[in-house]
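Undergrad: Sharing a model prediction with you, sequence too.
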Amino acid sequence: MNTTRREFLKTTSLAAAATATGTISSAIPAGATPVLAIPIYPTPPTTRRGDMLFRQLGSTGEEVSLIGLGGYHIGKQKAEAESLRIMREAIDAGITFMDNCWDYHKGVSEIRMGKALKGRRDKVFLMSKIDGRTRAAAARQIDESLRRLQTDRIDLMQHHEIIRMEDPDRIFASGGAHEALVAAQKAGKIRFLGFTGHKDPLVHNRMLDIAAQKGVRFDAVQMPLNVMDVHFRSFQLQVMPRLVKDKVGVLAMKTFGDPLILEHVVKSGTATPTQLLHYSMTLPVATVITGIDSLQVLKQATEAARTWKPMAGREILALISKMRAAARDGQLEKFKTSARYDGTAKNPHWLG
């Protein structure tokens, strides 16, 4: 990691801040070493318009909604009309960040989003992802995404599922996928470049290292950021500081653990869905991409934006401390510990 210890800790840990207010005596016995020491970041500049919040996407100059609509979930409805209604009402509620992927539901998510965006394309920041690791596969998938989404440009295109240590090597090899993204960017088909992954912060950092060696600077990076992440293979502790330092847009996902974290906290009474969203929103992220598969869930997400205010350090420590026992083996973050969410592992032909 390219950050110094001083930069990483920002001279103050949440544990120290909480100790000063006397709020963690039950979690940490007197005289004991704090179990957590995580960096504190100032809340990014956040603009409120109506009931929605907006932040800058890294150093792109683009402003996006702090709540992002996840593309996978809007392909789950049996009736296409219901998907379209959810997306249109999300836009009307102020959500501008639209997430999608070439492989979601065999293209159904992109097709439906393309229909929903008719007459509304200029109201959103549109992101999609491709799986191809070769230039040919990636170029084909980019063009398919453009066609399905019924647009001449995608605002942010990301390399999807950077989950294997060799993925960066394939992407940046001669004839690799990154050549296709650069060519598409030069052609005006895409505006900004990024990558996503959910498996291990080591892989994210390797992707960033190899990109730097190649003289590539990503505009955005997507990763899991939730109340359990700090306890196991933590993207928040091992990747996010680097992105913040380099002013790369941070895109949060897996806030609910799809939905194992949500089920655990509701059953145990340790947190509410809104608190989970507020935690991720308090981090130095540009947007929190969340699955919205019904109007009820849409209302929950927009209400989280309406009621959000930055969580204090002692509140954050109290919340994540409650998660320590359940989170330390990663079993509620199955995307890290199993192949359940590894679409490219189940469909290696997508890689090219």
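TA: Thanks, I have it. Numbering: from 1, shown residues only.
Undergrad: mind checking the SS state of the residue nearest the centre of the chain?
TA: Nearest residue to the geometric centre of the chain (C-alpha atoms, centre = their mean): A252, 2.6 Å. Taking DSSP: H, G, I helix; E, B strand; the rest coil as the rule, one finds A252 in the strand state.
Undergrad: ditto for R191
TA: What three-state DSSP gives for R191 is strand.
Undergrad: OK, contacts around the spatially closest residue to it that is not a sequence neighbour?
TA: Closest residue to R191 apart from its sequence neighbours, by C-beta to C-beta, 6 or more residues apart in numbering: D155 at 5.0 Å. In this view, the C-beta of every residue, glycine as well, is placed from N, C-alpha and C. Counting by C-beta atoms under 8 Å, 6 or more residues apart in numbering, D155 touches E62, F125, L126, M127, I190, R191, F192.
Undergrad: you'd agree D155 is in a helix?
TA: No: using three-state DSSP, the assignment for D155 is strand, not a helix.
Undergrad: do you know how far it is from I74?
TA: 17 Å (C-beta to C-beta, to the nearest Å).
Undergrad: just M240 next, same as before
TA: On the measure of C-beta to C-beta, M240 and I74 end up 27 Å apart.
Undergrad: More neighbours: which of the two?
TA: Set M240 next to I74 and count neighbours by other C-beta atoms under 10 Å: I74 wins out with 29 against 26.
Undergrad: Could you look up the SS state of the more buried one?
TA: helix.
Undergrad: re the thing from before, what's across from the residue nearest to the centre of the chain in the sheet?
TA: M223, V288 (DSSP bridges).
Undergrad: Now do the same contact list for it.
TA: Q222, M223, P224, L225, N226, S280, L283, V285, T287, V288, I289.
Undergrad: One more pass at 6 Å, please.
TA: The contact partners of A252, by C-beta atoms under 6 Å, 6 or more residues apart in numbering, come to L225, S280, V285, V288.
Undergrad: how close does Q185 get to L243?
TA: Counting by C-beta to C-beta, the gap from Q185 to L243 is 20 Å.
Undergrad: The two: which has the busier surroundings?
TA: Taking other C-beta under 10 Å, Q185 and L243 do not tie; L243 has more neighbours (22 against 15).
Undergrad: next one: phi and psi at that one?
TA: phi -70, psi -40 (degrees, to the nearest 10).
Undergrad: Please convert the contacts of D155 to JSON lines, extending it with neighbour count and pLDDT.
TA: JSON lines is the format used below for the contacts of D155 (neighbours: other C-beta atoms under 10 Å; pLDDT from 0 to 100):
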{"residue": "E62", "neighbour count": "20", "pLDDT": "98"}
{"residue": "F125", "neighbour count": "23", "pLDDT": "98"}
{"residue": "L126", "neighbour count": "24", "pLDDT": "99"}
{"residue": "M127", "neighbour count": "28", "pLDDT": "98"}
{"residue": "I190", "neighbour count": "26", "pLDDT": "98"}
{"residue": "R191", "neighbour count": "17", "pLDDT": "98"}
{"residue": "F192", "neighbour count": "21", "pLDDT": "99"}
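Undergrad: what's the most distant pair in those residues?
TA: Within the contacts of D155, two members stand farthest from each other by C-beta to C-beta: E62 and I190, at 13.2 Å.
Undergrad: Which residue ranges of this protein form strands?
TA: 47-49, 52-56, 63-65, 67-69, 97-98, 125-130, 154-159, 190-196, 220-224, 249-253, 287-290 (DSSP state E).
Undergrad: Using CSV, lay out the ones you listed together with distance to M165.
TA: CSV is the format used below for those (distance: least, C-beta to C-beta, whole Å):
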stretch, distance to M165
strand 47-49, 39
strand 52-56, 32
strand 63-65, 30
strand 67-69, 28
strand 97-98, 29
strand 125-130, 19
strand 154-159, 14
strand 190-196, 14
strand 220-224, 16
strand 249-253, 21
strand 287-290, 25
